[in-house]
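Chemist: here is the input, now give the coordinates:
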Amino acid sequence: MSPLPLPPIPEPFQLPFHYGALHHLGIDWLVAPGPARELLAKHHPDLSAAEFDGRALVSLNYQLYFAQYAFGGGVTQEIEYNVIAFPTAESDRIPRLTYAQYAQGWDQTKLLGIARIHVLCDNPYAINAGRALYAEPKYPGWFEVDLPSLNGPVVDTWTVHGKSAGTGPDETLEKSETPLFSLTAAVGGIAAVPANNTPITGYGTCPDGRVLAGPMNVYQPYRWYDLSAPEHADRVRLTVHAPDSDLGRDIRSLVADTPAVGAWTYQSPPVAAHNRPYYLPARPPANC
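Modeler: Numbering: from 1, shown residues only. Next comes the predicted model:
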């Protein structure tokens, strides 16, 4: 078999794409495998849903990131709804893992990846880049959030409200007040485990049916929170406000009222700090 050519990189994009800062929340749910397989077949027919002790795995991943360009900087927010999957042709290479093992990065083949079903994003440039480079099913949305921050109160709760949006003829985001979903994850008081789970392989299917696999490296470990114990069942709240939207319908068809089994977070360490000022002593009066 001859080697495959690399996918093209259309202008004006270039790879790799470097993140200047990243704040990332992922929530995982173990769900019935049948509906997950059906949904995956509609979007990525050459991928198979991974199973962990007989359950499929779906995730909802929120990202806030900064990128520096030659002309300045840009801030982007997006959220992905994924089914954890692998290339069907590579099924004999997939390790048998529990969910906790997968979440902590035990799959070093990196064939277990995120098959993107929906990606909402508030940056038209990033929407175009995701579609062109990675065959992401990416479309406009926008977010109101309340996140842990060194520049805010000390909290361990992430709150993300997603709303619908469109793009104008000049490639600007046109916000709507129509709510799509709300996600809250309260992870305070749970011992976090360092998780060496990158590179994360993201799968996309091109219009011609070819599958793309794009790895994303994060250079420090994630923090993984085991939410499988019954006492953690209420720590994650996911509310669908638009059940008839494509995203709402697909969330409800898989997740419904299923409690989350795990959460993983990453927040870039600060690179600089502007410190508290201090007073200089008053200058003594001049002698007469």
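Chemist: host element of residue 202?
Modeler: strand 200-205 (DSSP states H and E).
Chemist: quick one: list the elements packing against that strand.
Modeler: Strand 200-205 sits against strand 113-121, strand 211-216, with contacts defined as 3 or more C-beta pairs under 8 Å, 6 or more residues apart in numbering; DSSP states H and E. To be clear about C-beta, it is placed using only N, CA and C from the backbone, and glycine gets the same treatment.
Chemist: now with 10 Å?
Modeler: helix 33-43, strand 72-87, strand 113-121, helix 124-134, strand 211-216 (3 or more C-beta pairs under 10 Å, 6 or more residues apart in numbering; DSSP states H and E).
Chemist: looking at these, which is closest to residue 274?
Modeler: Closest approach to residue 274 among these (C-beta to C-beta): strand 72-87, 17.4 Å.
Chemist: name every strand pairing with the closest one and say which way it goes.
Modeler: strand 47-49 (antiparallel), strand 55-69 (antiparallel), strand 113-121 (antiparallel) (DSSP bridges).
Chemist: which of those sits closest to residue 15?
Modeler: Among the strands paired with strand 72-87, strand 55-69 comes nearest to residue 15, with 12.6 Å by C-beta to C-beta.
Chemist: show me what counts as buried in that closest one.
Modeler: 55, 56, 57, 58, 59, 60, 61, 62, 63, 64, 65, 67 (16 or more other C-beta atoms under 10 Å).
Chemist: what bridges to the residue nearest to residue 104 when sequence neighbours are not counted?
Modeler: Closest residue to residue 104 apart from its sequence neighbours, by C-beta to C-beta, 6 or more residues apart in numbering: residue 195 at 4.7 Å. For residue 195, the beta-bridge partners are residue 222 (DSSP bridges).
Chemist: any idea which of the buried residues of strand 55-69 is the one closest to residue 268?
Modeler: Using C-beta to C-beta, residue 65 comes nearest to residue 268 of these, at 8.6 Å.
Chemist: so who does residue 170 touch?
Modeler: residue 124 (C-beta atoms under 10 Å, 6 or more residues apart in numbering).
Chemist: shouldn't it be within a helix?
Modeler: No. Residue 170: not assigned to a helix; according to DSSP: H, G, I helix; E, B strand; the rest coil it is coil.
Chemist: and it, what pLDDT?
Modeler: pLDDT recorded at residue 170 is 85.
Chemist: please apply the same query to residue 229.
Modeler: Residue 229 is given a pLDDT of 96.
Chemist: wait, isn't it in contact with residue 190?
Modeler: Yes. Judged on C-beta atoms under 10 Å, residue 229 makes contact with residue 190 at a distance of 9.3 Å.
Chemist: sorry, back to before: among the helices and strands packed on strand 200-205, which is nearest residue 104?
Modeler: With C-beta to C-beta as the criterion, residue 104 lies closest to strand 72-87 of the helices and strands packed on strand 200-205, at 14.1 Å.
Chemist: mind saving the C-alpha coords of that closest one as PDB?
Modeler: The C-alpha trace of strand 72-87 is given here as PDB (Å, rounded to 0.1, in the frame of the first residue of the first chain):
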ATOM      1  CA  GLY A  72      -2.200  41.100  16.800                       C
ATOM      2  CA  GLY A  73      -4.200  38.700  18.900                       C
ATOM      3  CA  GLY A  74      -7.500  36.900  19.000                       C
ATOM      4  CA  VAL A  75      -9.600  35.200  21.600                       C
ATOM      5  CA  THR A  76     -11.900  32.300  20.800                       C
ATOM      6  CA  GLN A  77     -14.500  30.200  22.700                       C
ATOM      7  CA  GLU A  78     -16.000  27.000  21.400                       C
ATOM      8  CA  ILE A  79     -17.600  23.800  22.600                       C
ATOM      9  CA  GLU A  80     -17.500  20.300  21.100                       C
ATOM     10  CA  TYR A  81     -20.000  17.500  21.400                       C
ATOM     11  CA  ASN A  82     -18.100  14.200  20.700                       C
ATOM     12  CA  VAL A  83     -18.400  10.500  20.600                       C
ATOM     13  CA  ILE A  84     -15.200   8.700  21.600                       C
ATOM     14  CA  ALA A  85     -14.300   6.600  18.600                       C
ATOM     15  CA  PHE A  86     -11.600   4.900  16.600                       C
ATOM     16  CA  PRO A  87     -11.000   4.000  12.900                       C
END
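Chemist: confirm residue 25 sits in a strand?
Modeler: Yes. Judged by three-state DSSP, residue 25 forms part of a strand.
Chemist: hey, what's the residue nearest the centre of the chain bridged with?
Modeler: Geometric centre of the chain, nearest residue: residue 61, 2.9 Å, by C-alpha atoms, centre = their mean. When assigned by DSSP bridges, residue 61 has beta-bridge partners residue 26, residue 80.
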